[in-house]
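[1] Sequence first, predicted model second:
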Amino acid sequence: MLDARVCLETVTPSVTCKGVEMGFKKHGVKFLSAALLIVLSAVLFSGCAKSEEKAATTAPQQKTEMVLASTTSTQDSGLFDVLIPAFEKANPDIKVQVVAVGTGEAIQKGRDGDADGLLVHAKSDEEQFVKDGYADSRADVMYNQFLIVGPQDDPAKIAGSKTAAEAFKKIADAKAKFISRADDSGTNKKEIKIWDAAGIKPSGSWYKKSGQGMGDTLKMADEMGAYTLADQATYLTMSNEKAITSKAVFEGADDLLNQYGVLVVKGAKQEAAAQKFADWILSDEGQTVIKNFGKDTFGVSLFTPNAAK
């Protein structure tokens with residue numbers, strides 16, 4: 001074997017190191033090439049290892065995507081534009097996909113396994129959902145008021161009514177135009193209860209069905225000069241945006257309370273993520289987001305948080 005000492009004579013045809021004669025021209029190139037190959041391989045291997053290590057440490061975290069079935073009122077009012085980002089910031093491993101439909105359809109999605117969590121506003125239906133075994137419990141989250149929205153001149157003269165049922169009876173007696181969502185939503189369910197309380201089964205050319213969400217129904221009523229039942233948050237949002245000119249003709253009665261509840265669907269694909277959402281929205285952090293929503297624009301909250309302490 002060659003001595004480890006480096007031979008400095010590089011210009012002579014042959015080099016002798018400690019008595020070992022090495023022909024540079026014959027063997028030097030091969031020796032040098034092999035050495036360079038070893039060095040380059042080591043460098044490349046080290047670079048690849050570091051690249052793989054860096055890639056492993058910088059790879060994006062896999063997020064769990066949960067489906068939240070809710071109402072068009074929470075969507076149209078703009079609440080979710082504030083609420084969902086706040087939740088995802090607090091829970092960076094979860095992404096929320098909101099499906100905004102009527103409460104009836106949202107609850108059905110829970111029954112069908114197409115939703116992991118529900119945020120809806122039809123308490124009796126929510127309680128039935130629990131009784132049927134689709135959720136362990138429901139919890140109050142927030143509330144606001146329903147309003148009877150109508151033309152500026154209030155043709156049915158409902159403004160002085162004492163209850164929503166009395167106001168509905170005046171609309172029916174006057175055969176003033178009324179637009180129903182007719183979509184099994186929480187708003188539609190409340191409307192039906194009010195008609196029942198008034199002892200009236202609405203029908204005739206004055207009673208129209210939109211089959212649409214809250215925002216579209218408000219626009220239709222506005223265009224037709226008709227009355228409709230709306231949630232406070234969506235009405236105020238659209239009125240502020242000047243999307244409609246109708247006014248809140250009747251409000252504040254006890255039978256116009258609009259309570260929202262949250263439920264976690266038992267056995268859902270992302271039940272754990274839905275539980276985290278429910279826990280967060282009922283927490284002080286989630287309730288504060290709800291409490292502050294609308295204050296900058298309207299000076300008041302569009303929803304009043306009322307989770308049990």
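    Yep, it's here.

[2] Helix or strand: which one has the most centrally placed residue in the chain?
    Taking Cα atoms, centre = their mean, the centroid of the chain lies closest to residue 98, which sits 3.9 Å from it. Element membership of residue 98, judged by DSSP states H and E, is strand 94-100.

[3] Which neighbours in the sheet does that strand have, and how are they oriented?
    Taking DSSP bridges as the criterion, strand 94-100 pairs within the sheet with strand 64-70 (parallel).

[4] what's the domain layout of this structure?
    Annotated domains of the chain cover 14-58, 64-143+258-305, 145-256 [automatic domain parsing].

[5] Same list, those domains, but as CSV with mean pLDDT please.
    Shown next, in CSV, are the domains of the chain (pLDDT from 0 to 100):
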stretch, mean pLDDT
domain 14-58, 44
domain 64-143+258-305, 97
domain 145-256, 96
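
[6] can you give me the helices for this protein?
    29-58, 72-76, 79-90, 103-111, 123-131, 164-174, 186-198, 214-224, 232-240, 271-282, 284-292, 295-298 (DSSP state H).

[7] hmm, back to that, ok, the residue nearest to the centre of the chain touching residue 76?
    No. Residue 98 is beyond contact range of residue 76, at 11.9 Å (criterion: Cβ atoms under 8 Å). Using the backbone N, CA and C atoms, a C-beta is placed for each residue, glycine as well.

[8] Pull up the distance across stretch 147-164, start to finish.
    In terms of Cα to Cα, to the nearest Å, the two terminal residues of stretch 147-164 are separated by 9 Å.

[9] swap in stretch 129-140?
    End-to-end distance for stretch 129-140: 15 Å, by Cα to Cα.

[10] Buried residues, that stretch. List them.
    Neighbour-count burial for stretch 129-140, counted by 16 or more other Cβ atoms under 10 Å, picks out 129, 134, 135, 138, 139, 140.

[11] do stretch 238-254 as well
    238, 239, 244, 246, 248, 249, 250, 251, 253.

[12] Now for the second one: which residues touch it?
    The one in question is residue 239. Taking Cβ atoms under 8 Å, 6 or more residues apart in numbering as the contact definition, residue 239 lies against 246, 247.

[13] 7 Å instead, please
    Residue 239 sits next to no residue when contact means Cβ atoms under 7 Å, 6 or more residues apart in numbering.

[14] From residue 143, how far off is it?
    From residue 239 across to residue 143, the span is 20 Å (Cβ to Cβ, to the nearest Å).

[15] thinking again about what came up before, can you name the two of the buried residues of stretch 129-140 that are farthest apart?
    Pairwise distances across the buried residues of stretch 129-140 peak at 18.3 Å for 134 and 140 (criterion: Cβ to Cβ).
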